[in-house]
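Participant: okay, sequence plus prediction incoming.
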Amino acid sequence: MAKKTWVIKLGGAVLNTENAARALFDVLSNQPSHNFVIVHGGGALVDTWLKEAGFVSAKHQGLRISPAEQMPHIVGALAGCANKQLMAQAIAAGHKPVGLSLYEAGVTASQKLKALCLVGKCESNNDSIINDLLNVGRLPIVSSIGFDEQGLWYNVNADEAAAAIANNLNAELIFMTDVEAVLDANKQPLHQLDTKHIETLIAEGVIVGGMEVKVKTSLHAALHLRRGVYISSWQKPENLTALLNGEHVGTKITP
Ligand SMILES: Nc1ncnc2c1ncn2[C@@H]1O[C@H](COP(=O)(O)OP(=O)(O)O)[C@@H](O)[C@H]1O
Ligand SMILES: CC(=O)N[C@@H](CCC(=O)OP(=O)(O)O)C(=O)O
């Protein structure tokens, strides 16, 4: 039987907790009958690098405005430092990772909105080396730095990057973030969310910032993939084990 492919998006804050990524990679080591593709963020690291370089960084609806002069720092933090830190932890857990940008992963970027400068949106380029890597037993670890066909680089939100890759691969999609689930107005976890409920919670200001991008992206992916997409916490590696075993943990987003 063909192996099921899972795209697992890791929020960048996982790098701030010692051995948290290692524990997740250990879970994947125990699941030889599945294929995995890791897509990662690193927003917190980008914040630090830009601040240290003397830049002020602003966000619009959860997306970082990315002027050309800030891009070397953004690319360095995401495609360089964060990607290689995750590779290090994957190697330590016994994997054979390959670090990639979105371009090699079959996704071309283009400018999302002029006002956001070099923030990219995703489009499939049907020219991915992911399946080749999976076929030879490698673990792709993909940053959210993208390129267009002219070779211009873009900063893509990592949730959108993960959804684009899952769509390309028709894969299962899990977002591992720093909260156990999407929370309601009373900070209680929501086990399931659909289009209507999401629209209401965003309009009421209960879902904001990075989580607004995540739920909208999840919904879009769930529609395209015709299956539920999960949002759960990287803080508990056992959540990942449970999700891979088909259990319900965190928030399930359905159309
Ligand atoms: N309704 C909500 N439920 C849970 N988290 C929320 C909600 N609204 C906003 N957030 C914020 O969204 C954050 C997760 O989004 P983000 O920081 O972009 O995560 P990641 O880096 O993992 O992609 C949470 O840490 C929380 O501060
Ligand atoms: C355009 C945009 O907002 N890009 C994000 C990319 C990193 C990211 O998404 O990181 P997390 O998953 O850790 O939040 C940024 O610069 O922060």
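Facilitator: Sure thing, it's come through. Numbering: from 1, shown residues only. Ligands and ions are numbered 1, 2, ... in the order given.

Participant: quick one: name the residues of this protein near ligand 1.
Facilitator: Residues of the chain lying close to ligand 1 (CB under 6 Å from any ligand atom) are 11-13, 41, 43, 159, 177-179, 182-183, 206-211, 214. The way it works is simple: take the backbone N, C-alpha and C, and place the C-beta from them, glycine included.

Participant: try 5 Å
Facilitator: 11, 41, 177-179, 182-183, 207-208, 210-211 (CB under 5 Å from any ligand atom).

Participant: looking at those residues, which are in helices?
Facilitator: Among these, the ones falling in helices (DSSP state H) are 210-211.

Participant: which among the residues of the chain next to ligand 1 end up buried?
Facilitator: With burial judged by 16 or more other CB atoms under 10 Å, the buried subset of the residues of the chain next to ligand 1 is 11, 41, 177-179, 182-183, 207, 210-211.

Participant: in a markdown table: these, plus distance to ligand 2 and pLDDT.
Facilitator: Listed next are those as a markdown table, based on distance: CB to the nearest ligand atom, whole Å; pLDDT from 0 to 100:
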| residue | distance to ligand 2 | pLDDT |
| --- | --- | --- |
| Gly11 | 5 | 97 |
| Gly41 | 2 | 98 |
| Thr177 | 8 | 98 |
| Asp178 | 9 | 97 |
| Val179 | 12 | 97 |
| Val182 | 15 | 98 |
| Leu183 | 17 | 98 |
| Ile207 | 15 | 97 |
| Gly210 | 5 | 92 |
| Met211 | 10 | 96 |
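
Participant: of these, closest to Ala115?
Facilitator: Relative to Ala115, the closest of these is Gly210; by CB to CB it sits at 18.9 Å.

Participant: surely that closest one and Gly43 touch.
Facilitator: Yes: when contacts are counted by CB atoms under 8 Å, Gly210 is listed as touching Gly43 (7.2 Å).

Participant: and ligand 2, is the helix or strand of the chain with the lowest mean pLDDT touching that?
Facilitator: Lowest by mean pLDDT, DSSP states H and E among the helices and strands of the chain is strand 59-60, with a mean of 94. No: Strand 59-60 stays clear of ligand 2 (CB under 5 Å from any ligand atom), getting no nearer than 6.6 Å.

Participant: quick check: which helices or strands does whichever helix or strand comes after that strand pack against?
Facilitator: Heading C-terminal from strand 59-60, the first helix or strand you meet, by DSSP states H and E, is strand 63-64. Strand 63-64 is packed against no helix or strand, with contacts defined by 3 or more CB pairs under 8 Å, 6 or more residues apart in numbering; DSSP states H and E.

Participant: excluding its backbone neighbours, what's nearest the closest residue to ligand 1 within the stretch 1-150 of the chain?
Facilitator: Nearest residue of the stretch 1-150 of the chain to ligand 1, counting by CB to the nearest ligand atom: Gly11, 1.9 Å away. What sits nearest to Gly11 in space, not counting adjacent residues and going by CB to CB, 6 or more residues apart in numbering, is Thr177, at 4.4 Å.

Participant: and that neighbour, what does it touch?
Facilitator: Contacts of Thr177 were listed using CB atoms under 8 Å, 6 or more residues apart in numbering, and they are 11, 13, 210-211, 214, 231-234.

Participant: ok, Gly12 next?
Facilitator: 40-46, 82, 158.

Participant: that older thread, contacts for the least confident helix or strand of the chain?
Facilitator: Under the contact criterion CB under 8 Å, 6+ apart, strand 59-60 has outside partners 65, 115-116, 209.

Participant: and those residues, which are buried?
Facilitator: Buried among those (16+ other CB under 10 Å): 65, 116.

Participant: and the contacts of strand 59-60, which two are furthest apart?
Facilitator: The distance between the two most remote of the contacts of strand 59-60 (CB to CB) is 17.8 Å, for Ala115 and Gly209.

Participant: got the buried residues for stretch 48-64?
Facilitator: For stretch 48-64, the neighbour count (16+ other CB under 10 Å) marks 49-50, 57, 62-64 as buried.
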